[in-house]
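Colleague: turn this into a model:
(chains A and B)
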There are 2 protein chains.
Amino acid sequence: MKLATLRTGKHGTTAALSLGVDGYLPLPARDVGQLLNLPDWKALVAEAAAQGGGSGVVPAHEAELASLLPAAGKVICAGLNYADHIQEMGRELPEYPTLFAKYADTLIGAADTIEVYGSGRVDWEAELAVVVGAPLTRAGEDEASRAIAGYTVANDVSMRDWQNRTLQWFQGKAFDATTPLGPVLATADEFQAGHGFEVRGYVNGEPVQHGNTGTLVFGPARLLSYISQFTTLRPGDMVLTGTPGGVGMGMMPPRFLKDGDILSTEIDGIGRLENRVRIRQGANAAR
Amino acid sequence: MKLATLRTGKHGTTAALSLGVDGYLPLPARDVGQLLNLPDWKALVAEAAAQGGGSGVVPAHEAELASLLPAAGKVICAGLNYADHIQEMGRELPEYPTLFAKYADTLIGAADTIEVYGSGRVDWEAELAVVVGAPLTRAGEDEASRAIAGYTVANDVSMRDWQNRTLQWFQGKAFDATTPLGPVLATADEFQAGHGFEVRGYVNGEPVQHGNTGTLVFGPARLLSYISQFTTLRPGDMVLTGTPGGVGMGMMPPRFLKDGDILSTEIDGIGRLENRVRIRQGANAAR
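Modeller: Numbers count the residues shown, from 1 in each chain, chains lettered A, B, ... in the order given. Okay, the predicted model is just below:
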């Protein structure tokens, strides 16, 4: 099944089941993250689907997609994780995953505008995101694999000037409202184990990134197991698995997003993000 | 005033006002973070103090200190921030603060045991922590200064083996239940602007770290202003300001915490943390 978080009114949201062209069936949870924290959420969704929504169904053209996980407690990102991308950069395959954190505040909906304040080097990173469906503490890979609720699409938009101000990438990765996420959570049961996802990124319709998650050095279950050795993962937490080759920083000459550009991010079997970019002046050029 | 978060029963907590030797006066909030999110929390505390707690007062010897901010949304740490420590290491003073994130899950109380699973290089980092008292988005230094609720003591205990597995420190800094915090939030009005804090660290009573926050390259207000340029800070969020010289990794030969060691962390005018260290085998030596 495919689950989404829809906006309701000015500030509200609701979890919903995608009915494809027929729209979305609202579910009794504030968002997909809260839904995943309900006991036996799959039965709850199946029951709602069986009853059907009738007049409650939100037509696709009226649905406004919010961030899939507006209140995610932990959003952990892997870097340097595509073997082909690493080798293309002439680096050794890593022994351990490179990890950093961002906040739920960075996350926006699948069609929202990416508004960046105070950066002149805004770059793209199309990524598969893995959503956690069960608590994980010092878990092995099998337990971690069973704890995957599903998969979604993210673009880890990165402010390269801020990212490279110091050795720690965090400040260039944690800008509020710059990481598009969605459009849906495709539940794990829709894919066979070891299924590789085709990840694609486009700028103004021009293909710029393409990779297959089958080439990840650290796959979804391995990342969740590794992370759970030091910090507990809970339902609704999320891990971004890293980006393939083709980022703007790596181009000759380097290329960055301009005000008005359209960034698209696509994964077969999940869906597509399409986000306009707005570059704003920072209110304070704090140093 | 000095505020604490006390344990109540098995899993509950309450915010409380420290009455010194007379104990703690419980306040109508789950913890200090929730208290700081109440409108006019200072008036609420003053009123509770005026009424007195009577039989409600918790004697000091019965009080169990929880993490001061068990549900902090953002815990952001600054590295390489003591000018004397940087110069002692022969480095240039930085133009920008080095920042990384940890989670509220890392935080424990002032007398709790630090339990580390799967690391053999556990090091200490005594730090002043600044607690946010008002929302900050792209704020200047004056606004940031006014938004400081107060100060507390933290030890950014670091798993150097994990920290140095990759270029990103996050995984060595985000181990659950390894960062002691407290014992109290000393509200900003107790200190004059520009007040420098004496920060001290001890292992089994032996002094190992000492610094004064007057030598910080990026002081509290500057850090909050800088961070607020990219991510919104809210009441109950916290910034750790970095550690002075004297960490175990820098000793010749390097020295790390052993099972059973007592780590103490002290700041004049705020208080002291005293935490026993337990080194456990990791359940999974995940690679």
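
Colleague: please make it C-alpha for all contacts and neighbour counts, starting now.
Modeller: OK.

Colleague: what ranges do the helices span in the stretch 151-287 of chain A?
Modeller: Assigned helices in the stretch 151-287 of chain A, in chain order: A:160-163, A:170-173, A:220-228 (criterion: DSSP state H, counting those that start in this stretch).

Colleague: could you check how far the residue nearest the centre of chain A is from chain B?
Modeller: Nearest to the geometric centre of chain A sits residue A:154, at 2.9 Å (CA atoms, centre = their mean). Distance, residue A:154 to chain B, using CA to the nearest CA, to the nearest Å: 19 Å.

Colleague: and the closest residue to that residue other than its chain neighbours, how many residues sit next to it?
Modeller: Nearest residue to residue A:154 in three dimensions, chain neighbours excluded: residue A:181, at 4.5 Å (CA to CA, 6 or more residues apart in numbering or on different chains). Residue A:181 is flanked by 32 other residues according to other CA atoms under 10 Å in any protein chain shown.

Colleague: correct me, but residue A:181 touches residue A:155?
Modeller: Yes: assessed by CA atoms under 8 Å, residue A:181 is found in contact with residue A:155 at 6.9 Å.

Colleague: C-terminal to the least confident helix or strand in chain A by mean pLDDT, which secondary structure element comes first?
Modeller: Between all helices and strands in chain A, the lowest mean by mean pLDDT, DSSP states H and E belongs to helix A:83-88, at a mean of 80. Next along the chain after helix A:83-88, taking DSSP states H and E as the criterion, comes strand A:98-102.

Colleague: would you map the helices across the stretch 1-150 of chain A?
Modeller: A:32-36, A:41-51, A:83-88, A:141-146.

Colleague: go through the ones you listed and pick out the most buried.
Modeller: Mean neighbour count (mean count of other CA atoms under 10 Å in any protein chain shown) peaks for helix A:32-36 among the helices of the stretch 1-150 of chain A, with a mean of 24.

Colleague: low-confidence stretches in the stretch 51-200 of chain A?
Modeller: Of all residues in the stretch 51-200 of chain A, those with pLDDT under 70 make up the ranges A:53.

Colleague: change it to 90
Modeller: A:51-56, A:83-92, A:192-195 (pLDDT under 90).

Colleague: how deep is the closest residue to chain B within it tucked in, by neighbour count?
Modeller: In the stretch 51-200 of chain A, the residue that lies nearest chain B is residue A:175 (4.5 Å; CA to the nearest CA). If you count neighbours by other CA under 10 Å, residue A:175 ends up with 28.

Colleague: over to residue A:252?
Modeller: Using other CA under 10 Å: residue A:252 sits among 7 other residues.

Colleague: now do residue A:200
Modeller: 25.

Colleague: one step back: contacting residues around the residue nearest to the centre of chain A?
Modeller: A:126-129, A:179-182, A:240, A:265, A:273 (CA atoms under 8 Å, 6 or more residues apart in numbering or on different chains).

Colleague: for the helices of the stretch 1-150 of chain A, which one sits closest to residue B:15?
Modeller: helix A:32-36 (26.5 Å; CA to CA).

Colleague: which residues does that closest one contact?
Modeller: Residues from elsewhere that reach helix A:32-36, judged by CA under 8 Å, 6+ apart: A:3-5, A:14-16, A:28-29, A:41, A:68-72, A:133, A:149, A:235-237.

Colleague: and the buried ones among those residues, selectable in PyMOL?
Modeller: Per 16 or more other CA atoms under 10 Å in any protein chain shown, the buried members of the contacts of helix A:32-36 correspond to this PyMOL selection:
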select buried, chain A and resi 3+4+5+14+15+16+29+68+69+70+71+72+133+149+235+236+237
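
Colleague: list the contacts for residue A:220?
Modeller: A:130, A:145, A:241.

Colleague: ok, now residue A:212?
Modeller: A:196-199, A:244.

Colleague: now it, which residues is it bridged with?
Modeller: Beta-bridge pairing of residue A:212 under DSSP bridges involves residue A:198.

Colleague: got the domain ranges for chain A?
Modeller: Following automatic domain parsing, one gets these domains for chain A: A:2-62, A:75-280.

Colleague: what is the burial count for residue A:256?
Modeller: 19.

Colleague: what of the one 4 residues further on?
Modeller: Using other CA under 10 Å as the criterion, residue A:260 is surrounded by 14 other residues.

Colleague: next one: residue A:17
Modeller: Residues near residue A:17, counting by other CA under 10 Å: 24.

Colleague: ok, it touching residue A:28?
Modeller: No: assessed by CA under 8 Å, residue A:17 is found out of contact with residue A:28, at 10.6 Å.

Colleague: span of stretch A:31-48 from start to end?
Modeller: End-to-end span of stretch A:31-48 (CA to CA, to the nearest Å): 15 Å.

Colleague: gap between it and the chain center?
Modeller: 20 Å (CA atoms, centre = their mean, to the nearest Å).

Colleague: what about that stretch, average pLDDT?
Modeller: Averaged across stretch A:31-48, pLDDT comes to 95.

Colleague: one step back: now tabulate the domains of chain A in a markdown table and tack on distance to residue B:108.
Modeller: A markdown table is the format used below for these (distance: least, CA to CA, whole Å):
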| stretch | distance to residue B:108 |
| --- | --- |
| domain A:2-62 | 25 |
| domain A:75-280 | 14 |
